[in-house]
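build me a model from this:
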Amino acid sequence: MKQIKSAKRKSIFISIIWPVLGLIVAIKNYNRFNADAVILGFCVLFGFTFVISEEMDGQRYAEKLKVAYDEPFSSFTDQLFELYTTSLDFVEPLITFIVSRFTDSHHILFAIFALIFGWFWLKSIRLVSEKFYFNVNKMSLLFTILFISILPIFSINGFRMWTAAWVFIYGVLHILLNKDKRFFLLCLAACTIHFSFLTANAVLVLWMVLGNRKWSYLILAFVTLAISEIDLAAVRSYAELLGPAFEEKTRTYAGDEYAANVSERKAASVWFITLSSILSKYLLLLNILVLFIISLKRKLPKEELNLLCFTLLFFSFSNVVGLVPSGGRFMTVYFILASILSIVLFSKYLHKRLDSLLGLFSMATISLSVLITFRVAAPTINTILFSPSILVPFGYDLDWSLMELLF
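Numbers count the residues shown, from 1 in each chain. Presented below is the predicted three-dimensional model:
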């Protein structure tokens with residue numbers, strides 16, 4: 001016990017002197033003691049030193065902060081009264097307005113973004129590690145890396161969507177694994193961060209009503225996988241029935257102009273990014289199918305069956321909404337849920353060597369995914385992040401990104 005406390009204090013002390021070294025010590029001792037506070041501190045520092053550019057969502061957040069800084073308090077109360085007709089997600093505007101009362105520095109704003117995002121990210125990781133580590137081996141470790149890296153702290157550039165994703169996932173995991181339906185309120189709270197999670201919550205309600213109908217969900221998953229197109233005009237017409245806020249949001253995300261913009265961005269994407277997404281999608285689906293077959297031969301614990309059935313249902317949902325521009329982002333939530341199931345599969349039921357055919361395919365797919373994640377994140381990572389703490393106050397706003405250092 002004394003050794004654990006000593007190691008924890010050592011980790012905190014090192015992180016104060018040299019943050020990145022403290023992070024390494026915390027990760028190395030992750031299962032020995034709860035080092036989440038040290039990791040969260042590093043996340044906040046990452047947000048504080050976050051590098052933004054004109055091509056990023058982060059630039060818009062920074063600009064909104066500067067505009068809000070020059071506005072009187074009454075401007076925000078006007079926005080609240082107009083919430084129904086302007087926006088459904090008010091968390092980010094609220095945070096931006098509160099920060100603007102004190103400063104127009106985006107460094108403070110992104111530090112707060114990182115604190116919120118990092119808290120739910122780390123809580124979800126901790127919950128999974130405590131629930132599903134039956135037998136740590138190379139294959140389960142490989143999919144743990146995938147689970148952690150699918151939507152890491154670097155994703156605060158898209159704060160609204162991806163923070164809402166982790167809030168929703170954390171709530172869902174408590175419902176599925178701990179049967180704690182109080183966390184449904186947390187899932188609903190994700191809608192206040194990004195309005196689109198109203199649809200994700202509808203999927204959750206559907207599962208809560210229907211229960212674990214695994215064959216129905218499996219068939220539905222393959223049917224939706226085969227769907228190739230949907231009429232965006234129909235999506236817009238249905239949204240009109242739900243009120244002006246829904247209509248406005250749907251016109252934005254399902255409109256022809258937005259669809260054209262998304263298509264242009266996809267066309268401009270590097271081919272291996274598309275390949276990585278396809279490989280990950282079907283690798284995880286393969287793992288789910290293997291676990292499904294295992295569930296026919298032996299009875300899965302309730303929490304594992306819950307997760308399996310909900311993931312299949314959510315996969316079906318992701319297939320459908322993926323046909324709407326930007327709806328494909330929900331596939332990322334499916335990736336996270338499916339990677340958790342993969343951890344369960346390889347740590348408990350299927351013991352495969354890393355040099356097996358499945359192991360090699362998994363390693364190649366996950367390696368590509370992780371490399372792309374860090375490549376996309378590189379322009380936002382400030383090199384000052386790797387320096388001793390004493391240098392951070394002098395270099396946090398230099399905007400010297402890791403991308404510039406490496407490339």
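
do a quick rundown of the strands in the protein.
Using DSSP state E, the strands of the chain do not appear at all; there are none.

so which residue is smack in the middle of it?
Within the chain, one residue has its C-alpha closest to the average C-alpha position: by C-alpha atoms, centre = their mean, that is residue 151, at 3.9 Å.

for that one, what are its contacts?
121, 162, 165-166, 332, 336 (C-beta atoms under 8 Å, 6 or more residues apart in numbering). (Each C-beta comes from the backbone N, C-alpha and C, glycine too.)

let me know the closest of those residues to residue 296.
Looking at the contacts of residue 151 and their distance to residue 296, the nearest is residue 336, at 25.1 Å (C-beta to C-beta).

and the closest one, how many neighbours does it have?
Applying other C-beta atoms under 10 Å, we find 23 residues neighbouring residue 336.

and the contacts of residue 151, which two are furthest apart?
Distances among those were taken as C-beta to C-beta; the most separated pair is 121 and 332, at 13.0 Å.

out of these two, which sits in the busier spot?
Set side by side, residue 121 and residue 332 give different neighbour counts by other C-beta under 10 Å, the larger being at residue 121 (28 against 17).

who are the contact partners of that one?
If a contact means C-beta under 8 Å, 6+ apart, then residue 121 has 43, 151-153, 166 as its contacts.

still on that earlier bit, separation between the residue nearest to the centre of the chain and residue 73?
Spatial separation of residue 151 from residue 73 under the definition C-beta to C-beta, to the nearest Å is 35 Å.

could you list the low-pLDDT ranges of this structure?
1-4, 74-88, 134-135, 228-270, 325-327, 407 (pLDDT under 70).

leaving out sequence neighbours, find the closest residue to residue 50.
Spatial nearest neighbour of residue 50, excluding adjacent residues (C-beta to C-beta, 6 or more residues apart in numbering): residue 110 at 4.2 Å.

the one you found: neighbour count?
Applying other C-beta under 10 Å, we find 28 other residues in the vicinity of residue 110.

so what's it up against?
Counting by C-beta under 8 Å, 6+ apart, residue 110 touches 47-48, 50, 52, 58, 61, 156.

Serialize those residues to CSV and add fields for distance to residue 95 and neighbour count.
Putting the contacts of residue 110 into CSV (distance: C-beta to C-beta, whole Å; neighbours: other C-beta atoms under 10 Å) gives the following:
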residue, distance to residue 95, neighbour count
47, 12, 25
48, 15, 23
50, 15, 29
52, 16, 21
58, 14, 22
61, 10, 23
156, 12, 27
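
and those residues, which two are the farthest apart?
48 and 61 (14.1 Å).

how about the contacts of residue 121 in JSON lines, adding distance to residue 145?
Shown next, in JSON lines, are those (distance: C-beta to C-beta, whole Å):
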{"residue": "43", "distance to residue 145": "18"}
{"residue": "151", "distance to residue 145": "13"}
{"residue": "152", "distance to residue 145": "11"}
{"residue": "153", "distance to residue 145": "15"}
{"residue": "166", "distance to residue 145": "17"}
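
wait, which of these is closest to residue 104?
Closest to residue 104, out of all of those and judged by C-beta to C-beta, is residue 43, at 22.7 Å.

wait, that closest one sits on residue 114?
Yes: the criterion here is C-beta atoms under 8 Å, and residue 43 meets it with residue 114 at 4.8 Å.

mutual contacts of these two, please.
With contacts taken as C-beta under 8 Å, 6+ apart, the residues that reach both residue 43 and residue 114 are residue 153.

number of nearby residues for the closest residue to residue 330 other than its chain neighbours?
In space, not counting the residues next to it along the chain, residue 330 is nearest to residue 318; the distance is 4.5 Å by C-beta to C-beta, 6+ apart. Taking other C-beta under 10 Å as the neighbour definition, residue 318 ends up with a count of 25.

ok, residue 318 to residue 169 distance?
For residue 318, the distance to residue 169 - C-beta to C-beta - is 13 Å.

okay, and the common contacts of these two?
Overlap between the neighbourhoods of residue 318 and residue 169 consists of residue 333, taking contacts as C-beta under 8 Å, 6+ apart.

quick one: the helices in the stretch 1-150 of the chain?
Per DSSP state H, counting those that start in this stretch, the stretch 1-150 of the chain has helices spanning 2-17, 19-28, 36-48, 57-69, 73-81, 83-86, 91-100, 106-132, 138-149. These are given in chain order.

can you check the stretch 301-407 of the chain too?
In the stretch 301-407 of the chain, helices defined by DSSP H, counting those that start in this stretch lie at 302-321, 330-344, 357-377, 392-395, 402-406, listed in chain order.

give the buried residues for the last one.
It refers to helix 402-406. When neighbours are counted by 16 or more other C-beta atoms under 10 Å, the buried residues of helix 402-406 are found to be 402-403.

with the first one instead?
Along helix 302-321, these residues count as buried under the neighbour rule (16+ other C-beta under 10 Å): 303-321.

could you do the longest one as well?
By neighbour count, and taking 16+ other C-beta under 10 Å as the criterion, the buried residues in helix 357-377 are 358-359, 362, 365-366, 368-370, 372-373, 377.

check stretch 60-71 too.
Residues of stretch 60-71 classed as buried: 61-62, 64-65, 68-69 (neighbour count, 16+ other C-beta under 10 Å).

mind saving the C-alpha coords of that stretch as PDB?
The C-alpha coordinates for stretch 60-71 follow below in PDB (Å, rounded to 0.1, in the frame of the first residue of the first chain):
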ATOM      1  CA  ARG A  60     -14.300  29.100 -35.400                       C
ATOM      2  CA  TYR A  61     -14.400  28.500 -31.600                       C
ATOM      3  CA  ALA A  62     -11.600  31.000 -31.200                       C
ATOM      4  CA  GLU A  63     -13.300  33.600 -33.300                       C
ATOM      5  CA  LYS A  64     -16.600  33.200 -31.500                       C
ATOM      6  CA  LEU A  65     -14.800  33.800 -28.200                       C
ATOM      7  CA  LYS A  66     -13.300  37.000 -29.500                       C
ATOM      8  CA  VAL A  67     -16.700  38.200 -30.700                       C
ATOM      9  CA  ALA A  68     -18.400  37.300 -27.400                       C
ATOM     10  CA  TYR A  69     -15.700  39.100 -25.500                       C
ATOM     11  CA  ASP A  70     -16.800  42.400 -27.000                       C
ATOM     12  CA  GLU A  71     -20.500  41.800 -26.400                       C
END
